[in-house]
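[1] Fold the following.
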Amino acid sequence: MTYHTYQKAITTQSTKSVPVKATPPCGFNFATGIASFLFLFWTSISFAIDNQGYCQTALEGPGLPKSSSKWIDIQCRDAMALSFDEHRKVPNWVQHSISIDSITGKANRKHIGFKRDIFLKNSPAPTDYTRSGYDRGHLAPAADFKSNQDHMSQSFWMSNIAPQVGHGFNRNIWRLLEEYLRQRVRQKNAQATIITGTLFDQDQPLKIIGEAKIAVPNYFYKIYLNPEKQVALAFLMANKSHSLVKAPQTLARFKDFQVSIDQLEELTGLDFFCNLPDDLEKRLEANIHQEKDDDIVGP
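    Prediction:
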């Protein structure tokens, strides 16, 4: 399916969620006097763990997604930031960072269970997915946090989970995309920011699962930014079973799912990476990145 097909189908995130706090200013500088004080006061109310947690890192880097048309309640965790749709009970988006250090370590998911996020007003329960026909799909994948057991555990909180088709999607093409991006980090020695989000089709009936009435997204998107190498990748995938893809993976393998960040901004109503210099942001977000010598091979 082409971007234009998606463009016709997709609506922006629900506006029925109660807005709580606005997106912080994109070019915020924590060292500045009164602005810093006001922001720290705001974060003491809104940010759930370790004060600013990951949000401070993001704001001092490429920034967090922002919207000029609506308020966004941003939740901060130790290793990720997210916006959660209280109406649909799924994340709007989750942002985290990835590096060789973060994907290397002894953290293990073997004994981690899915848990409610106690910092949300109405967190879904893991049992809402039981016998629903959908996987509990991570937006920020657990394998991106192998350096820290607590960070990996937080990736199993329901604020980072949305219903995903299992066979042919979560257990195949989506998982392989995640593996490809990790392998890219390894081979390019990269430090990258990743944003993963949900999208809904306004022309399709809304599928609901569980007692919590969790909405099933029609699409998922993923954005990869490495500002040092000036590389940005964006992907948009329908939440359905796709033809099985076998490793090894290259960027060319995912070309049918590539879109520009500008296209995703149009679909979501969000502004991504607004801390980047304007000329760099404009160039990276307008183009669909291609590589002549795509030597990134997934495991």
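
[2] all helices for the stretch 1-150 of the chain, in order.
    All helices of the stretch 1-150 of the chain, identified by DSSP state H, counting those that start in this stretch, fall at 3-9, 33-46, 54-59, 149-154.

[3] The third one packs against which elements?
    In other words, helix 54-59. Other helices and strands packing on helix 54-59, by 3 or more Cβ pairs under 8 Å, 6 or more residues apart in numbering; DSSP states H and E, are strand 74-76, strand 80-85, strand 90-98. In short, each C-beta sits where N, CA and C put it, glycine included.

[4] Swap in 6 Å and give it another go.
    Judged by 3 or more Cβ pairs under 6 Å, 6 or more residues apart in numbering; DSSP states H and E, the packing partners of helix 54-59 are strand 80-85.

[5] mean confidence for the strand it packs on?
    Average pLDDT, strand 80-85: 96.

[6] and it, how far out from the chain's middle?
    On the basis of Cα atoms, centre = their mean, to the nearest Å, the separation between the geometric centre of strand 80-85 and that of its chain is 8 Å.

[7] Equivalent analysis for stretch 93-107, please.
    The answer for stretch 93-107 is 13 Å, by Cα atoms, centre = their mean.

[8] And that stretch, end to end?
    End-to-end distance of stretch 93-107 (Cα to Cα, to the nearest Å): 24 Å.

[9] Going by neighbour count, which residues of that stretch are buried?
    By neighbour count on 16 or more other Cβ atoms under 10 Å, the buried set for stretch 93-107 is 93, 94, 95, 96, 97, 98, 102, 103, 107.

[10] Check pLDDT for those and point me to the minimum.
    Minimum confidence in the buried residues of stretch 93-107 sits at residue 107, scoring 90.

[11] Tell me how far that residue lies from residue 119.
    Relative to residue 119, residue 107 is positioned 21 Å away (Cβ to Cβ, to the nearest Å).

[12] cool, residue 153 as well?
    Taken as Cβ to Cβ, the span from residue 153 to residue 119 is 14 Å.

[13] averaging pLDDT over each of the helices of the stretch 1-150 of the chain, which comes out lowest?
    helix 33-46 (a mean of 39).

[14] Residue 220 is in what secondary structure piece?
    strand 219-226 (DSSP states H and E).

[15] quick one: that strand to chain centroid distance?
    Relative to its parent chain, strand 219-226 has a centroid offset of 7 Å by Cα atoms, centre = their mean.

[16] Also stretch 147-167?
    11 Å.

[17] Then stretch 263-283?
    Distance of stretch 263-283 from its chain centroid, counting by Cα atoms, centre = their mean, is 15 Å.

[18] end to end, how far does it reach?
    13 Å.

[19] Quick check: buried residues in it?
    Neighbour counts using 16+ other Cβ under 10 Å place 263-265, 267-268, 270-276, 281 of stretch 263-283 among the buried residues.

[20] Over to stretch 238-257?
    When neighbours are counted by 16+ other Cβ under 10 Å, the buried residues of stretch 238-257 are found to be 238, 239, 242, 249, 250, 251, 253, 254, 257.

[21] Quote the end-to-end distance of it.
    9 Å.

[22] do stretch 137-157 as well
    Separation of the first and last residues of stretch 137-157 by Cα to Cα is 11 Å.

[23] Report the buried residues of that stretch.
    Applying a neighbour-count criterion of 16+ other Cβ under 10 Å, one finds 137-149, 151-157 buried in stretch 137-157.

[24] Identify the residues contacting that stretch?
    The contact list for stretch 137-157, computed with Cβ atoms under 6 Å, 6 or more residues apart in numbering, reads 77-80, 91, 94, 96, 98, 101-103, 105, 107, 109, 112, 114-115, 117, 160, 162, 164, 170, 178, 196.

[25] mind listing which of those are in strands?
    Among the contacts of stretch 137-157, the residues falling in strands (DSSP state E) are 80, 91, 94, 96, 98, 162, 164, 196.

[26] ok, of those, which one's closest to residue 226?
    Set against residue 226, the nearest of the ones in strands among the contacts of stretch 137-157 by Cβ to Cβ is residue 98 (9.6 Å).

[27] and residue 282, which of the three is it?
    Under DSSP: H, G, I helix; E, B strand; the rest coil, the three-state class of residue 282 is helix.
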